[in-house]
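In: With the sequence up front, the predicted model follows.
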Amino acid sequence: MLDKNKNSSFQSLSLERAKELLIQGEVVGIPTETVYGLAAKISSDAAIRKIFSTKKRPFFDPLIVHVQSIEQAQTLTQDWPASAQNLAEAFWPGPLTLVLPKVPSLSDLITSGLPTVGLRMPRHPLTLELIQKVGEPLAAPSANLFGQTSPSKALHVFKEFHGEVPVLEGGDCEVGIESTIIKIHEDEVEIKITVLRAGHIRPQQIVDSLKPLNKSISLVQPGKNIEAPGQIKHHYMPSIPLVYISIGQWAQLDHAISQLNSRLQTPFKNLWTLPLNEAPEQAARELYGLLRDGSENRENDGILFVYNPEIQQGEAWEPLLDRLRRAASYCLTD
Ligand code: TXA
Ligand code: MG
């Protein structure tokens, strides 16, 4: 039996060993600039199944395929419109996932039977080299159990799976939250972009990048309909309850806590306030580490996030606030 708290037993794989394991059809934790992924080669359904069983992820939740070049992405899509080329050139390698029609040969297990595939080229030199060495793209969801907080450090992955998943150490993730996911519809005159998941790359940057194509551009913000399962309300959950409260609702806090406690088997007493940095990029980088590390050894406590619109103001905060609202067990907003 492995000791969950024995951090010192974590040892990184070598790049060569990671390559061998992936070629043999094993799953491996890999670094990206957003969060760590749990990777398998796309040509083996058995390997892809291992991703789902390791994560305890339902098969209806499709995986993102990671490529090491634009050309490799093109081999997986039925249609590669000018807008995809434009966005890939502008933002790859980087935290933008493009959802496009898939080729029939790509396994339905990866796309959960959808006619589309989510593709991205991650910005981490080790992982780009790894994809090159394996010789094919890697499917990789975030390397956490389904519904839980994503890992932003190699050690998070090691602990999440109790040391049973080998991990390629690539340092702390630079961005810290998952990629922006967009679906592209393009015809002769119009480009329609649907934002399926907010992330570091903002909608306005996408629109600005597409302007030289001289087509009408329309942006559809994440709607009420769940198109991407990452939009499920309770996702990214830390292991202790998170209370999200707008500063304007502060007077209601005690009432909210007693409501929440009435739903918990073991009511919690202490609330630990999430010390989010005031700069959004730094806050994003630190968020998942704070949620994970802050939950450790605090089994009987809760985490409090106080939303202050005077500090957390503007588009750059949106992806973080979105993750916090989804992670919250109790949300009290104005
Ligand atoms: O930054 C990231 O995107 C990280 C790193 C590892 O690349 N990956 C990640 O994967 O966050 P995951 O599985 O945790 O979230 C991927 C989400 C799915 O939950 C689903 O919502 C969406 O991507 N997705 C994938 N393929 C899709 C498709 N064909 N259509 C719509 N949504 C899709
Ligand atoms: Mg995930």
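Out: Here it is on my side, so go on. Ligands and ions are numbered 1, 2, ... in the order given.

In: For the protein, which element, helix or strand, carries the lowest mean pLDDT?
Out: helix 253-263 (a mean of 83; mean pLDDT, DSSP states H and E).

In: Check which helices and strands it sits against.
Out: Counting contacts by 3 or more Cβ pairs under 8 Å, 6 or more residues apart in numbering; DSSP states H and E, helix 253-263 packs against strand 242-246, strand 330-332. (Glycine included, C-beta is placed from N, CA and C.)

In: For ligand 1, which of these is the nearest?
Out: Nearest of these to ligand 1, taken as Cβ to the nearest ligand atom: strand 242-246 at 18.5 Å.

In: Give me the angle between the closest one and helix 253-263.
Out: Going by axes from the mean of the first three to the mean of the last three Cα atoms, to 10 degrees, strand 242-246 is angled at 150 degrees with respect to helix 253-263.

In: tell me the mean pLDDT for strand 242-246?
Out: Strand 242-246 shows a mean pLDDT of 92.

In: How about stretch 195-204?
Out: Mean predicted lDDT for stretch 195-204 stands at 95.

In: same check, this time on stretch 305-320
Out: The model assigns stretch 305-320 a mean pLDDT of 94.

In: where along the stretch 51-200 of the chain do the helices fall?
Out: 70-74, 82-91, 108-111, 125-134, 154-160 (DSSP state H, counting those that start in this stretch).

In: Alpha carbons of the last one, as CSV, please.
Out: The C-alpha coordinates for helix 154-160 follow below in CSV (Å, rounded to 0.1, in the frame of the first residue of the first chain):
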residue,chain,number,x,y,z
ALA,A,154,3.7,17.0,-11.0
LEU,A,155,3.3,16.1,-7.3
HIS,A,156,-0.5,16.8,-7.5
VAL,A,157,-0.7,14.1,-10.1
PHE,A,158,1.4,11.6,-8.1
LYS,A,159,-0.8,12.2,-5.0
GLU,A,160,-4.1,12.2,-6.9
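
In: touching ligand 1 at all, that helix?
Out: No: Helix 154-160 stays clear of ligand 1 (Cβ under 6 Å from any ligand atom), getting no nearer than 10.7 Å.

In: hmm, who's touching that helix?
Out: 4, 7, 10, 12, 29, 31, 36, 38, 143-145, 148, 151, 165, 167-171, 288-289, 292 (Cβ atoms under 8 Å, 6 or more residues apart in numbering).
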